[in-house]
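**Q** build me a structure from this.
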Amino acid sequence: MTLEQNSEHSIDFCMLDYDCSYLPQKKTRMYYRYMRHASRKLVTELVRRGWRRFGCYFFHPICAGCSGCKNLRIDSENFRRSRSQKRVVKKNRETLVHIRKPGMTQEHLDLYNRFHKHKSETVGWHYTPVNPQLYYENFVDGAHDFGKEILYFIDEKLVGVDLIDITEDGISSIYFFYDPDYSNYSLGTYSLLMQIELAQRMGLRWIYLGYWVDGCRSFAYKMNFRPLQMLDGFPPLEEEPDWRPIG
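**A** Numbers count the residues shown, from 1 in each chain. This is a model prediction of the structure:
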C-alpha cells in the first residue's frame with residue numbers, strides 16, 4: 001500500500017474557529033485526519049510535514065489570515081549539551097527512567113490533573129479534569145508499534161510522563177506532564193535531553209518538537225536546544241518539506 005492509499009483510509013474534518021491558545025485576540029481552526037491504522041512510514045511522512053498526533057487523530061492548523069505556527073526539529077546528531085543542561089542531568093542522576101508502550105493507570109490520571117491544575121493557577125491554562133476515556137483516546141489509542149511513553153520516577157514515585165512517537169528518522173514529542181512538587185528537577189528539560197539521547201543511541205537524527213509561535217512564552221524553551229531547523233507551512237505528501245536551519 002502506498003502512502004497516498006494508506007492516508008485515504010481516513011476521515012477528514014475540521015473544527016469551527018475557537019480562541020487561539022497561543023496568540024491573544026486570534027482565532028484558530030484545526031484540520032483533522034482520523035486514522036485507525038496509520039503505518040509507521042505514513043506517520044514519519046506526516047510528522048516531517050508538520051502534522052501532530054493525539055491518539056488516532058492527526059492534525060495541523062489552517063487558520064485564516066495567520067501562519068504563526070512554525071514547526072521545529074532538533075538535529076540530535078550535532079546537539080551538544082549546554083552548561084545549564086549538564087546541571088539538569090546531574091540533578092537527575094538518581095531519577096529512574098523507563099520506556100514502554102503507552103498505558104493508563106490512576107497514577108497517570110492523578111499526575112495529569114495535578115499538572116494541569118498547577119498550570120491553571122500559575123499561567124492561566126483552562127483546567128478541566130481528564131477522565132479515563134479522554135486520556136485513553138488522546139495518549140494510549142493509536143500508538144501501534146511506534147508510540148511509546150517514557151516514565152520518570154524519583155524515590156519510586158511517578159513524577160513525569162513523556163509521550164513520544166518513534167518514527168523512521170527521529171522522535172516526535174507528543175506531550176509531557178510532571179508533578180509540580182518536583183519543579184526544581186527541571187523535568188521538562190530533562191525529558192527532552194533523554195529524547196535526544198535515545199535518538200542518538202537509535203541512530204535517529206531528528207527530534208520533532210511540534211509548534212513554535214513567536215512571542216508565545218510556553219514555547220520559548222524550545223530555542224534552548226540547538227542546532228534547530230524550522231518548517232514553514234504544511235506541505236502535502238506529494239511535496240518534499242523545506243526544513244531550514246535557524247541561527
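**Q** going by C-alpha atoms from here, please, whenever you check contacts or count neighbours.
**A** Fine.
**Q** shouldn't residue 234 be in contact with residue 52?
**A** No - counting by C-alpha atoms under 8 Å, residue 234 stays clear of residue 52, with 10.9 Å between them.
**Q** how much space between the residue nearest the centre of the chain and residue 192?
**A** The centroid of the chain falls nearest to residue 174 when counting by C-alpha atoms, centre = their mean (2.4 Å). According to C-alpha to C-alpha, to the nearest Å, residue 174 stands 11 Å off from residue 192.
**Q** the residue nearest to the centre of the chain sits in which helix or strand?
**A** Secondary structure from DSSP states H and E places residue 174 in strand 170-178.
**Q** that strand: partners in the sheet, and parallel or antiparallel?
**A** strand 157-166 (antiparallel), strand 206-212 (parallel) (DSSP bridges).
**Q** so where's the chain shaky on pLDDT?
**A** Counting by pLDDT under 70, the chain has low-confidence residues at 1-8.
**Q** can you give me the strands for it?
**A** Using DSSP state E, the strands of the chain run over 11-14, 18-19, 27-28, 30-34, 52-54, 57-61, 70-75, 96-100, 147-154, 157-166, 170-178, 206-212, 228-231, 244-246.
**Q** chain center to the longest one, what's the gap?
**A** With C-alpha atoms, centre = their mean, to the nearest Å as the basis, strand 157-166 stands 11 Å off its chain's centre.
**Q** number of nearby residues for the spatially closest residue to residue 186 that is not a sequence neighbour?
**A** Leaving aside its sequence neighbours, residue 186 sits nearest to residue 88 (C-alpha to C-alpha, 6 or more residues apart in numbering; 6.5 Å). Using other C-alpha atoms under 10 Å, residue 88 has 19 neighbouring residues.
**Q** isn't residue 88 up against residue 184?
**A** No - counting by C-alpha under 8 Å, residue 88 stays clear of residue 184, with 9.4 Å between them.
**Q** who touches residue 140 in this structure?
**A** 55, 102-104 (C-alpha atoms under 8 Å, 6 or more residues apart in numbering).
**Q** and which of the residues you listed is nearest to residue 245?
**A** Nearest to residue 245, judged by C-alpha to C-alpha, of these is residue 55 at 30.0 Å.
**Q** the closest one: neighbouring residues, count only.
**A** The burial count for residue 55: 21, using other C-alpha under 10 Å.
**Q** again with residue 64
**A** The local packing of residue 64 (other C-alpha under 10 Å) involves 11 other residues.
**Q** residue 142 against residue 39, yeah?
**A** No - in this structure residue 142 lies outside contact range of residue 39 using C-alpha under 8 Å: 10.2 Å.
**Q** who has more neighbours out of these two?
**A** Using other C-alpha under 10 Å, the more surrounded residue of residue 142 and residue 39 is residue 142, with 22 against 17.
**Q** phi, psi for that one please.
**A** phi 80, psi 0 (degrees, to the nearest 10).
**Q** ditto for residue 56
**A** Main-chain torsions, residue 56, degrees, to the nearest 10: phi -90, psi 10.
**Q** between the two ends of stretch 226-244, how far is it?
**A** Using C-alpha to C-alpha, the two ends of stretch 226-244 sit 13 Å apart.
**Q** buried residues in that stretch, which are they?
**A** The neighbour-count check on stretch 226-244 (16 or more other C-alpha atoms under 10 Å) flags 226-235, 241, 243 as buried.
**Q** check those residues and tell me the two furthest apart.
**A** 226 and 235 (24.1 Å).
**Q** what sits against the residue nearest to residue 186?
**A** Counting by C-alpha under 8 Å, 6+ apart, residue 88 has contacts 185-186, 189-190.
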